[in-house]
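Visitor: curious how this folds, go ahead:
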Amino acid sequence: MPETKEITAKRVLSDFKRAYEYKKKWLECAKEDVEFSLGKQWDDADYQKLMSINVRPLTINKIRPNIFLLTGIEAQNRTDYKAFPKGQEDGIKAEVTTACIKHVMERSEGEHKQSEQFEEGLMSGECYIQPYLDFTYDLINPDMRFTKVSADQIFPAPGCKEYDLSDAPHVFKFSPKLTKEQLLELFPGKDKIIDNLSTTKIDVVTWNNLKAEVHKQGTDYPQDSGNVSDIGEVEEKTYDLLECYYKKYVKKPIVIDRQKMQLIENIENKEAAEQYAESVNATAPGSIEIRYRYIPEIWVKSIVGNDIIEDAVSWTYPRWSGYPLFAFFVYRSTANVQNPELLVQGIARGMKDLNRDYNKRRTQELRHVNQSSNSGWQYEEGTLSPEQEEVYKKFGASPGVNLVHKQGKPAPTKIVPNPYPSAHAALAQERSQEMRESSGINADLLSMQEGQSSGRAIMLRQKQGLVMVQKIYDNFTRTKKMMAKFILTQLPELYDVESILKLMGEKWVLENFGQPVMQPQLDPMTGQPMIDPATGQLAMVPVMDGNKPKLDMTPEAQQMAMEAINLILNDKDMIKYDISVGEGVYAETAKAGNYLEIMGMVEKGLPIPPDVIVDESSLNQTSKDRIKKAIEAQQVQAALPSRM
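Guide: Prediction:
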């Protein structure tokens, strides 16, 4: 793999054009999917045609309730991130990282951002989350924030197949129509470059930017001015920002200690590696070997118009070696097809035609009923006076109306309307059923089965109904796990030892590093302190607090806690070898479901400890601790010998 050559603005724009054109047809389909989900379910031409004949088209949105249901299930079963130890010795690491990830999500309201991502993904088929650091209130330990990025802003290189976009050589983020203030907020200190931009727009229709010459600072280029509105006012000047995330392959040394058969860390450049090898090999010849390999760094090249305003390493690298964009795909295929717009779809794509036809059938039904209620009258010429004709026309279909015609003339007869075509109702019913089948939303998922009185039975049937949409939730879980791993890699950017100590609290330090309070061991016969025969000193035993030793917060305990946290913050391979990231129960409904399952096991005679049952209940933590202490006291009392 050769080193990455210099990437010019024109090359970036050319690659962006290729990615944009590849996704263009999908964008058109996705836009229609989103609008259809939100209620725009008639073509403009059909809508105007019906309105011109005084028929209001009915819009009965059958897609939106399905989205409400799936987003409701997501919110009701929302989970916390949780780190699980891979070995028994990794318990403290898992506990600290779990607390940190939860703290990040709480402060950033990350779970709500993910819910927004989930909802938009259901409509269009694809949506992204992008993290960023907020230094507004703390320049040392910033807050991590998340923003939802719609799919019409993200353009991966054509042909990438991995869910996490790891096989894409570049990924583009296109942010059109930014104000100058927004641009300066993203790129502080770039005022001069921004003021001298050759153009501020990126034309994704004619691609005129690719036809223009490369801009050189200092030459006379026409500057974009604000557009003039219809009323003669100059609109605010805006900027189109294109960010190209790409892999820059850099040749780096790998220093190997052949005697210990291990890599030497923290040697980043060739000069330092050669200097280290020379010094060590001088005393132990051949013990240090240097090899070279190409490492992909994640860089971001930012372009406005035709000009590069910044080219820098991504703030997430090297702790996170992937792109800082986390995709959620509702349905995604990597098959080789001629129509790439088919590869990513939301739930609206397969229901649009059915819902469109359903609306037409119901509109035709209503139109026929309205026409039947005032089908008109038939009479001989001269039967009615002009005044009587007006009465027939206006009140002929009104209930209880008295109608008069000329004396001696035959009475007008009401025109019998054509019979209502039952085919419309039958087709509408068919479309309604087909939409349920197409979406995967069935009676089990809606809890509409009759005869189910047990809450547990309803819960089981809902789980069976989820099978049809399980892939959607699996993909969302995959996205959330990627985000959790990312947060874990960025902990040193967000916390220091002192801030994590505050987060964990003194109780955690005491329970994990506190020193037992010791007291002399008394002879049970004489009540006098005993001597340890091995040391000749007083025999000491811990003071008990219930069935646990009483712990004391000592300077040594504080120091051990700080050292443990410092190791966690500096352990680059922690997620590789020590912990795995998953999801823990969060929602009260899910906790209640787990509690019901555990109580069912207890009823069947399984020996589940009382403290486990208490922990799985929906009580607050203070109540749980009080109940568990009472249980421990009862167990200690029961273990004491009874007095006769």
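Visitor: contacts for stretch 245-265?
Guide: For stretch 245-265, contacts defined as C-beta atoms under 8 Å, 6 or more residues apart in numbering pick out 1-4, 7, 169-173, 267-270, 272-274, 276-277, 284, 286-301, 314, 323-325. In this view, the C-beta of every residue, glycine as well, is placed from N, C-alpha and C.
Visitor: buried residues in that stretch?
Guide: Neighbour-count burial for stretch 245-265, counted by 16 or more other C-beta atoms under 10 Å, picks out 245, 246, 247, 248, 252, 253, 255, 256, 264.
Visitor: give me the distance from the helix or strand hosting the fourth one to the chain's centre.
Guide: Counting by DSSP states H and E, the element that carries residue 248 is strand 239-257. When C-alpha coordinates are averaged (C-alpha atoms, centre = their mean, to the nearest Å), strand 239-257 and its chain have centres 26 Å apart.
Visitor: strands paired with it, and their directions?
Guide: In its sheet, strand 239-257 lies beside strand 170-178 (antiparallel), strand 262-263 (antiparallel), strand 288-304 (antiparallel), with partners assigned from DSSP bridges.
Visitor: pLDDT of it, averaged?
Guide: The average pLDDT for strand 239-257 rounds to 91.
Visitor: pull the helix or strand where residue 45 lies out as CSV, backbone CA atoms only.
Guide: The secondary structure element spanning residue 45 is helix 44-52 (assigned by DSSP H and E). Once non-C-alpha atoms are left out, helix 44-52 reads as follows in CSV (Å, rounded to 0.1, in the frame of the first residue of the first chain):
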residue,chain,number,x,y,z
ASP,A,44,-50.0,16.9,-7.3
ALA,A,45,-51.6,16.4,-10.7
ASP,A,46,-54.2,13.9,-9.3
TYR,A,47,-54.9,16.1,-6.3
GLN,A,48,-55.6,19.2,-8.4
LYS,A,49,-57.7,17.2,-10.8
LEU,A,50,-60.0,16.0,-8.0
MET,A,51,-60.2,19.4,-6.4
SER,A,52,-61.1,21.0,-9.7
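Visitor: ok, back up a step: among the buried residues of stretch 245-265, which two are most distant?
Guide: For those, with distances taken as C-beta to C-beta, the pair at the greatest spread is 245 and 256 (31.6 Å).
Visitor: what sits against the closest residue to residue 500 other than its chain neighbours?
Guide: Beyond its immediate neighbours in the sequence, the residue positioned closest to residue 500 (C-beta to C-beta, 6 or more residues apart in numbering) is residue 565, lying 4.9 Å away. The neighbours of residue 565, taking C-beta under 8 Å, 6+ apart as the test, are 96, 497, 500, 501.
Visitor: now swap in residue 37 and tell me
Guide: By C-beta under 8 Å, 6+ apart, the contact set of residue 37 is 61, 63, 64, 67, 122, 123, 346, 348.
Visitor: one more pass at 6 Å, please.
Guide: With contacts defined as C-beta atoms under 6 Å, 6 or more residues apart in numbering, residue 37 is in contact with 63, 123, 348.
Visitor: any idea how far residue 174 is from the nearest residue to it once chain neighbours are set aside?
Guide: By the measure of C-beta to C-beta, 6+ apart, the closest residue to residue 37 outside its immediate chain neighbours is residue 123, 4.2 Å from it. Plainly put, residue 123 is 20 Å away from residue 174 if you go by C-beta to C-beta, to the nearest Å.
Visitor: between those two, point out the one with more neighbours.
Guide: Neighbour tally, residue 123 and residue 174, criterion other C-beta atoms under 10 Å: the higher count belongs to residue 123, 23 against 18.
Visitor: got the residue ranges for the strands in the stretch 201-350 of the chain?
Guide: 239-257, 262-263, 288-304, 307-313, 326-329, 331-332, 344-345 (DSSP state E, counting those that start in this stretch).
Visitor: I meant the stretch 351-500 of the chain, not that one.
Guide: Secondary structure of the stretch 351-500 of the chain (DSSP E, counting those that start in this stretch): strands at 377-378, 413-414.
Visitor: can I get the ones you listed in JSON lines including mean neighbour count, mean pLDDT and distance to residue 44?
Guide: As requested, these are exported to JSON lines (neighbours: other C-beta atoms under 10 Å; pLDDT from 0 to 100; distance: least, C-beta to C-beta, whole Å):
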{"stretch": "strand 377-378", "mean neighbour count": "15", "mean pLDDT": "74", "distance to residue 44": "37"}
{"stretch": "strand 413-414", "mean neighbour count": "11", "mean pLDDT": "76", "distance to residue 44": "38"}
